[in-house]
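> Below are the sequence and a predicted model; questions follow.
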Number of protein chains: 2
Amino acid sequence: MLIVQKYGGTSVGSIERIRSVAAKVAASKAKGNQVVVAVSAMSGVTNNLTAMAHELQKEPSPREMDVLLTTGEQTTIALLCMALLEIGCPAISFTGGQVRILTDNAHTKARIQEIDDTNIRRELEQEKVVVVAGFQGVDEKGNITTLGRGGSDTTAVALAAALKAEECQIYTDVDGVYTTDPRVVEKARRLDRITFEEMLEMASLGAKVLQIRSVEFAGKYDVPLRVLSSFEDGPGTLIGSEDESMMETPLISGIAFTRDEAKLSVVGVPDVPGMAYKVFGPISDANIEVDVIVQNIGADQTNDITFTVNKKDAEAAARILESVARDMGAKGVEVDENVAKLSLVGVGMRSHAGIASRMFEALYSESVNIQLITTSEIKISVVIEEKYLESAVRALHTAFELDQEKQ
Amino acid sequence: MLIVQKYGGTSVGSIERIRSVAAKVAASKAKGNQVVVAVSAMSGVTNNLTAMAHELQKEPSPREMDVLLTTGEQTTIALLCMALLEIGCPAISFTGGQVRILTDNAHTKARIQEIDDTNIRRELEQEKVVVVAGFQGVDEKGNITTLGRGGSDTTAVALAAALKAEECQIYTDVDGVYTTDPRVVEKARRLDRITFEEMLEMASLGAKVLQIRSVEFAGKYDVPLRVLSSFEDGPGTLIGSEDESMMETPLISGIAFTRDEAKLSVVGVPDVPGMAYKVFGPISDANIEVDVIVQNIGADQTNDITFTVNKKDAEAAARILESVARDMGAKGVEVDENVAKLSLVGVGMRSHAGIASRMFEALYSESVNIQLITTSEIKISVVIEEKYLESAVRALHTAFELDQEKQ
């Protein structure tokens, strides 16, 4: 079985931890697997390098930034190979350029275009573990590029796709994907399986186990992803496509939530065409990302346009809206930072009616007032007052039978 | 004028120093020069990486050691380019592999085979300073290699040779090559010029301004080398070939010395063939480097074979000699660690008689007993009791008119 494993910065954060990663890798190899490992820089290293760069140049050259940061992963691959060799496990390291992970030339946020599997396959055939520097590649001219933060996950998935690996195992500091944040809901349960789509919804809603981009990538190439703990043994959570992993589809896979958003409304917008564009054009020009958007026509034939942005952007967005509201003859602008968003996620809701009403009933029973509602095919999101967030999540967790069974 | 500059680990040892190197480089560029810069890892970095490697593997894999250590220079090239760009000096970095500095595959001590100048020339033509990682290259298969300690000097000289540079400037923490160690002889004088051969003799005798290998290399390809200070302005010392730089040849260029050697003798060796081989065969087998060798036949038709080794090898060499002496029927073995070696170096002695007698006279006037004498075409070395070293060096410095003129 060909397996790609990925270990992040915390997992390789010290000599001791590199040794324990080597033990895990060697154990997988000893089971008869062919193992390719993608690694990040040791934790702290990337931040140190970035700080030095900013001391020297106000806006560091993207090309040179990539030359600088890729030294972090290059250090890890060499050290991990040494640890493997020391315990008698044949191993060889490759930088992104040595594999040849070809990317476009968008320094600091490059996209992988092609992976040449020749060198990796040759070494695997010689019974070696192949350790690849995550996060990096080269462009056509041989310039060193990086994939941006979290890019090591993407490297691992891309390697798994190129090598047609059975599984891409992402080792991290949690032991899998949970029905919701265990710090909020004690009864949160580790999921054995979840679909790519569900994982994407969970990830985009603040469940920060995996980088969104790597999940998208895995889904696109149908690479089974497994999230596991670097520090303890366990099966983790398998993220796969719907047909193979969802024989018994639960209604709801999980509840994601975030406190990072603020709600803004332009109230009393005249009901004429072009108003939405007049609101969101300037917001987009200011590079502010908008999440939920809701528009509702009122009894007086004026609209309220409401949306959420990250809290850090709330002030800038409000300033823009003030002038937009004046121009369009709207009544005013309202900003509310005391909100939270929570979402039910589950492919099961596609084929089951009544999920929304069951959700609203559970929230009502906790006296939670719902401010905004949006839905997608596999998700229902509500925005509520922030102080009700935890009780709401717990109520929904119980209502949708996600609680861990008593042992 | 095309100039190659090399800055060592101390010169780029901090963000502040990298900034001041950038200022020096930009100043040379502003004079209308094309500038290629070779840099070492920031001081301390290589030692830290080496220590990590040894924590993980008793004898670190040479291939992975090279992958590890080359991150040091890669970090410096990126940071130096950022510093150059920040002060408005166009610059681009290249790793050894990106230049393409092709080496053999002798990891940790590779030799340069060929330098492709295409990429560097292209960037120079675009008015950029080209910053190259010293100490590193790639073999034919794309494996990362290193040239061994001090290899950044070699990189600089090889680049200068490949690019047919006018001058290869080695920036270091001293402001040139001195007639002898200024810490011992207050009146030591900086030399304006010295020949490659003289520099080689000086370097091999402990004047640690330049790596021997880079001087050999510069001599072979006739690349004028200039040693300068990174920290203060000044003309430094030009190291060139004899004809161009030695119009007025001084008798003696300098006095080199070392306290690092121990003297060993096998006394009363029978005067039959093969004795020298029987002594030095086992020493060589033990990887002990021998420096001076002197053999003298005594009145009783037995020989004394005397030689020097590095003090750290003296004990091991003595143990070997004990058993060798028994086998060959020699009278015994003597070891003396209280010795020092000093040498007069100068191409002028080729055409002048009487240098040796003038040297011996000066030593006699200081009551220094000479234990061993060896000579080469441009060097006379003597081994003396260590406690006389400093007075001997000072006496010779005055006798051969090397003292700095009063200002």
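Thanks, I have the structure now.
> Please count neighbours and contacts with C-alpha atoms only from this point.
OK.
> For whichever residue of the stretch 101-250 of chain A sits closest to chain B, which non-adjacent residue is closest in space?
Going by CA to the nearest CA, chain B is nearest to residue A:142 of the stretch 101-250 of chain A, at 6.8 Å. Excluding the flanking residues, the one nearest residue A:142 by CA to CA, 6 or more residues apart in numbering or on different chains is residue B:98, at 6.8 Å.
> now do residue A:106
residue A:145 (7.4 Å).
> State whether residue A:272 is indeed within a helix.
No - if the criterion is DSSP: H, G, I helix; E, B strand; the rest coil, then residue A:272 is coil and not within a helix.
> Need phi/psi at it.
Main-chain torsions, residue A:272, degrees, to the nearest 10: phi -130, psi 160.
> Residue A:69 and residue B:95: what is the separation?
Taking CA to CA, to the nearest Å as the measure, residue A:69 falls 14 Å from residue B:95.
> er, residue A:88 actually
Distance of residue A:88 to residue B:95, given as CA to CA: 31 Å.
> hmm, back to that, does the residue nearest to residue A:142 sit in a helix or strand, and which one?
In this assignment (DSSP states H and E), residue B:98 forms part of helix B:96-99.
> Local confidence estimate at residue A:150?
Residue A:150 is assigned a pLDDT of 65 by the prediction.
> where does the stretch 101-250 of chain A have low pLDDT?
Low-confidence segments of the stretch 101-250 of chain A (pLDDT under 70): A:149-150, A:204-208, A:243-249.
> residues from the stretch 51-200 of chain A in reach of chain B?
A:52-53, A:55-58, A:60-61, A:64-65, A:67-69, A:71-72, A:74-75, A:78-79, A:81-83, A:85-86, A:92-93, A:98, A:142-143 (CA under 8 Å from any CA of the partner chain).
> In ChimeraX, select just the buried ones from those.
In ChimeraX, this line selects whichever of those come out buried by 16 or more other CA atoms under 10 Å in any protein chain shown:
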select /A:53,55,56,57,60,61,64,65,67,68,69,71,72,74,75,78,79,81,82,83,85,86,92,93,98,142,143
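> Just the residues of the stretch 51-200 of chain A next to chain B: which are in helices?
Members of those lying in helices (criterion: DSSP state H): A:52-53, A:55-56, A:64-65, A:67-69, A:71-72, A:74-75, A:78-79, A:81-83, A:85-86, A:98.
> can you map out the helices along chain A?
A:15-30, A:45-56, A:62-86, A:96-99, A:118-125, A:151-162, A:196-204, A:212-220, A:242-245, A:275-285, A:314-328, A:355-365, A:389-399.
> Give the closest residue to residue A:219 in space, chain neighbours not counted.
In space, residue A:219 is closest to residue A:196, 5.6 Å off (CA to CA, 6+ apart).
> Would you mind measuring from that neighbour to residue A:202?
Computed with CA to CA, the distance linking residue A:196 and residue A:202 is 10 Å.
> Of those two, which one has the most company?
Relative neighbour count places residue A:202 above the other of residue A:196 and residue A:202, with 29 against 25, counting by other CA atoms under 10 Å in any protein chain shown.
> surely the more buried one meets residue A:252?
No - counting by CA atoms under 8 Å, residue A:202 does not reach residue A:252; the two are 11.6 Å apart.
> and for those two, which residues touch both?
residue A:345 (CA atoms under 8 Å, 6 or more residues apart in numbering or on different chains).
> Now do the same contact list for residue A:330.
Taking CA under 8 Å, 6+ apart, one finds A:266, A:267, A:268, A:269, A:270 in contact with residue A:330.
> Any idea how far stretch A:116-128 is from the middle of the chain?
30 Å (CA atoms, centre = their mean, to the nearest Å).
> Oh, that last question was meant for stretch A:137-153, not what I typed.
Worked out by CA atoms, centre = their mean, stretch A:137-153 lies 19 Å from the chain centre.
> For chain A, identify the residue most remote from the centre.
Outermost residue of chain A with respect to the C-alpha centroid, by CA atoms, centre = their mean, is residue A:300; its distance is 42.3 Å.
> Can you tell me how far it is from chain B?
Applying CA to the nearest CA, to the nearest Å, the value for residue A:300 to chain B is 58 Å.
> Next up, phi/psi of that residue, please.
Dihedral angles of residue A:300 (phi, psi; degrees, to the nearest 10) stand at phi -90, psi 20.
> who touches stretch A:281-293?
By CA under 8 Å, 6+ apart, stretch A:281-293 touches A:305, A:306, A:307, A:308, A:309, A:310, A:313, A:317, A:320, A:374.
> and those, which are buried?
Using 16+ other CA under 10 Å, the buried ones in these are A:305, A:306, A:307, A:308, A:309, A:310, A:313, A:317, A:320.
> which residue sits closest to the first one, ignoring its sequence neighbours?
The shortest distance from residue A:305 to any non-neighbouring residue, by CA to CA, 6+ apart, is to residue A:295 (4.6 Å).
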